[in-house]
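Enquirer: sharing a model that was predicted from the sequence below.
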Amino acid sequence: MPLELELCPGRWVGGQHPCFIIAEIGQNHQGDLDVAKRMIRMAKECGADCAKLQKSELEYKFNRKALERPYTSKHSWGKTYGEHKRHLEFSHAQYKELQKYAEEVGIFFTASGMDEMAVEFLHELNVPFFKVGSGDTNNFPYLEKTAKKGRPMVISSGMQSMDTMKQVYQIVKPLNPNFCFLQCTSAYPLQPEDVNLCVISEYQKLFPDIPIGYSGHETGIVISVAAVALGAKVLERHITLDKTWKGSDHSASLEPAELAELVRSVRLVERALGSPTKQLLPCEMACNEKVGSSVLPGATVERGLVRLPERYLSPGQWNDAGMSLGAYEFFWVHISSGRNWLFKELQLFLWFPGILQFSMKSLKPLAPAL
């Protein structure tokens, strides 16, 4: 059983707990605080557990040359990369406002700390957990500092090898046992053949004491639902209000109707996963009464035979027990209609639906049946 951890106050993940669904706003808010609030509310209304952004301290993360270089992408919000990034970055005060709004709406709120200074700010903001983006997963000094903060961590694994993920586990585990890995492929949008959901199962084998999840960048919801069926305990998907908006993430994001359908489908699959115990269920009894097979002797059953304990044997059970049946050796059976059985070189038959009472010669008569 994978480790269970309290990712947010009162909300556990792993084990038999429901999949924790993260609605990744990222920077799809277009740099507009009101749009960000609309997306937080949308995430809540669609049933997601958490709304998440991406926080960078630009002057710390990038040098002057990087910020001043021309940025001519069709998705650009400025003439330089710095202007573009500043347009999309919320201030500390705005983050506090968004956090308060999420609390009012009733949804958990956090962000990916895209650099060490951003992690410091998010720690001061008292987010419930840190999200480590794929780009920082092999940044071991960053991981160490983040792990030492003591908050739960959700670590994506895009662009990483299995050897790297083993190193990440070895670094983080002694410092902070409350973390999980997300299978992720960093492509936007992601093609099905590059998803590699089988990595989820491999992670479960290699890291059995942490929950495993999935961060998807594909279009649609089918693959993400399949990830949950494979045991993903945390699911992250980008969201948008309009896929046609400017920005490289919108095409791989879910609009409100898609997010709502994803949540419904995940919860349905969780119900369908059920129990690993195979047994006759109450819901099957009606069908079993109608088409279930039982063994009967090919002989006349007369009134007054003794009762046996209330059990019956299917043809398969009788055969597995290595039993034989002779004339006038009777037993308690459930009778169904439909087929004849050639059994132990003796012609047996199935009668009309109902319950009859029989006896076995090896048992002593107890009382006559009424």
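Expert: Yep, it's here. Residues are numbered from 1 along each chain as shown.
Enquirer: other SSEs contacting the longest helix along the chain?
Expert: For the chain, the helix that runs over the most residues, judged by DSSP state H, is helix 256-273. Applying 3 or more Cβ pairs under 8 Å, 6 or more residues apart in numbering; DSSP states H and E, one finds that helix 256-273 makes contact with strand 20-26, helix 33-45, helix 222-229, strand 234-238. In short, each C-beta sits where N, CA and C put it, glycine included.
Enquirer: I'd like to know which of these is closest to residue 210.
Expert: With Cβ to Cβ as the measure, strand 234-238 is the member of these nearest residue 210 (10.6 Å).
Enquirer: distance of the residue nearest to residue 33 when sequence neighbours are not counted from residue 37?
Expert: Among residues not flanking residue 33 along the chain, residue 94 sits closest, at 5.7 Å (Cβ to Cβ, 6 or more residues apart in numbering). Going from residue 94 to residue 37 by Cβ to Cβ, to the nearest Å gives 10 Å.
Enquirer: between those two, tell me which one has more neighbours.
Expert: residue 37 (18 against 12; other Cβ atoms under 10 Å).
Enquirer: residue contacts, that one?
Expert: Contacts for residue 37 (Cβ atoms under 8 Å, 6 or more residues apart in numbering) come out as 98, 101.
Enquirer: quick one: pLDDT of it?
Expert: As summarised for this prediction, residue 37 has a pLDDT of 99.
Enquirer: got it, and the one 4 residues further on?
Expert: As predicted, residue 41 sits at a pLDDT of 99.
Enquirer: can you check residue 316 too?
Expert: 55.
Enquirer: skipping its backbone neighbours, what lies nearest residue 177 in space?
Expert: In space, residue 177 is closest to residue 3, 7.5 Å off (Cβ to Cβ, 6+ apart).
Enquirer: next, count neighbours for that neighbour.
Expert: Neighbours of residue 3 using other Cβ under 10 Å come to 17.
Enquirer: for residue 20, see how far away it is.
Expert: Counting by Cβ to Cβ, the gap from residue 3 to residue 20 is 14 Å.
Enquirer: where are the low-confidence patches of this protein?
Expert: 1-2, 293-370 (pLDDT under 70).
Enquirer: can you pull out the helices in it?
Expert: Counting by DSSP H, the helices of the chain are 33-45, 58-61, 64-68, 81-88, 92-105, 116-125, 140-147, 162-175, 198-206, 222-229, 256-273, 285-291, 315-320.
Enquirer: looking at those, which is closest to residue 192?
Expert: helix 222-229 (6.5 Å).
Enquirer: please give me every residue in contact with the residue nearest to residue 177.
Expert: 14-15, 177, 209-211.
Enquirer: which of the residues you listed count as buried?
Expert: 14, 210-211 (16 or more other Cβ atoms under 10 Å).
Enquirer: can I get those in CSV with distance to residue 286?
Expert: Below are these laid out as CSV (distance: Cβ to Cβ, whole Å):
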residue, distance to residue 286
14, 37
210, 43
211, 39
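Enquirer: which residues touch the residue positioned nearest the centre of the chain?
Expert: Per Cα atoms, centre = their mean, the C-alpha nearest to the average position across the chain is that of residue 228, at 2.9 Å. Contact analysis of residue 228 by Cβ under 8 Å, 6+ apart lists 19, 214, 235, 266, 269-270.
Enquirer: for residue 124, state which of the residues you listed is nearest.
Expert: residue 235 (27.9 Å).
Enquirer: ok, how many other residues are close to the closest one?
Expert: Counted with other Cβ under 10 Å, residue 235 comes out at 24.
Enquirer: what do you get for the one 5 residues further on?
Expert: Neighbour count of residue 240, defined by other Cβ under 10 Å: 27.
Enquirer: quick check: it vs residue 143, distance?
Expert: Taken as Cβ to Cβ, the span from residue 240 to residue 143 is 29 Å.
Enquirer: thank you kindly, that will do.
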